[in-house]
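Asks: Provided below are the primary sequence and the corresponding predicted coordinates.
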Amino acid sequence: MRFLLTSILSLLICISISAESTYSTDPDIHYSSKNDDYSRKRLSLDVHHDRNVKDMPVIVWFHGGGLTGGNKFVPAELTERGYVVVAPNYRLIPEVDVEQCIDDAAEAVAWTFRNIEKYGGDPSKIFVTGHSAGGYLTSMIGLDKKWLDKYGIDADSIAGLIPYSGQVITHFSDRKSKGIGELTPYVDDHAPLFHVRKDCPPYIIITGDAEQELYGRYEENLYMWRMMKLAGHPDVKIYKLDGYNHGDMAAPAHHILRNEISRILSDRKKNQ
């Protein structure tokens, strides 16, 4: 009987050890060369990865908050799913202006290209995404190539751009700093819509319900989708999540993100 109990206990220990997750999150990695006090406080990122797997697809996830608030986090729906997830912070308005927010996002993505192999990620499979302000930053650094060019990275090396409910006209926080109202449409070179082009990476737009979204967020993204189509982009889509408002749409959007990553990588393999 004692031998049987010992054997059962040993088996349970082995099962427990084998079931232990090999994922971990490395927090607060500084990614920037900027060295003022605010930058040192703000410009870090977290990396969620599997310690035992190599060549994994990579998701760079930018948080929302209107460019004036918010903090980095790894969405629960993306953890232990077969990805390396990079979650950066960036500086915020009014301490900086919109161009510095975009520059921080570009620097975080450049860091990812240069360092992600150390965390089991494949630099040829980097997808950039984010919610709201994070979606805006996703589009800006993916469409206007100057931001990543500054850091020696070709924006077209990104495997896919998948913004969640991001502004594509000039961001409302940027408009506010110019004295332009939240309901006044405005497009300048700080607007993703200004940088429509047919040769950017796959561009997958996700929004919430047209009647429940923030301001006209669905309609402006629908126009963005149409302009990308007319420009001749071969892989642009838009998803509208009926019944979900601006904040709620992020959770179901993660399912679309995962499916689109699989599709894009599958299409790439077929075309090689």
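Replies: In hand now; what should we look at?
Asks: Run a quick neighbour tally on the closest residue to residue 212 other than its chain neighbours.
Replies: Spatial nearest neighbour of residue 212, excluding adjacent residues (Cβ to Cβ, 6 or more residues apart in numbering): residue 245 at 4.0 Å. All C-beta spots, glycine's among them, are computed from the backbone N, C-alpha and C. Applying other Cβ atoms under 10 Å, we find 14 residues neighbouring residue 245.
Asks: and the gap between residue 245 and residue 258?
Replies: As for residue 245, its distance to residue 258 is 22 Å (criterion: Cβ to Cβ, to the nearest Å).
Asks: Now do the same contact list for the residue nearest to residue 212.
Replies: 208-209, 212-214 (Cβ atoms under 8 Å, 6 or more residues apart in numbering).
Asks: biggest strand in this protein, by residue count?
Replies: Secondary structure of the chain per DSSP state E: the longest strand is strand 121-131.
Asks: Toward the C-terminus from that one, list the very next helix or strand.
Replies: helix 133-143 (DSSP states H and E).
Asks: Name the helix or strand of the chain that has the lowest mean pLDDT.
Replies: helix 2-19 (a mean of 45; mean pLDDT, DSSP states H and E).
Asks: For the following helix or strand past that one, give me every contacting residue.
Replies: With elements assigned by DSSP H and E, the helix or strand that comes after helix 2-19 is strand 23-30. For strand 23-30, the surrounding residues in contact (Cβ under 8 Å, 6+ apart) are 40, 43-51, 74, 79-80, 119.
Asks: mind checking how far the next helix or strand after strand 23-30 is from the chain centre?
Replies: Next in sequence after strand 23-30, counting helices and strands by DSSP H and E, comes helix 37-42. Distance of helix 37-42 from the chain centroid (Cα atoms, centre = their mean, to the nearest Å) equals 21 Å.
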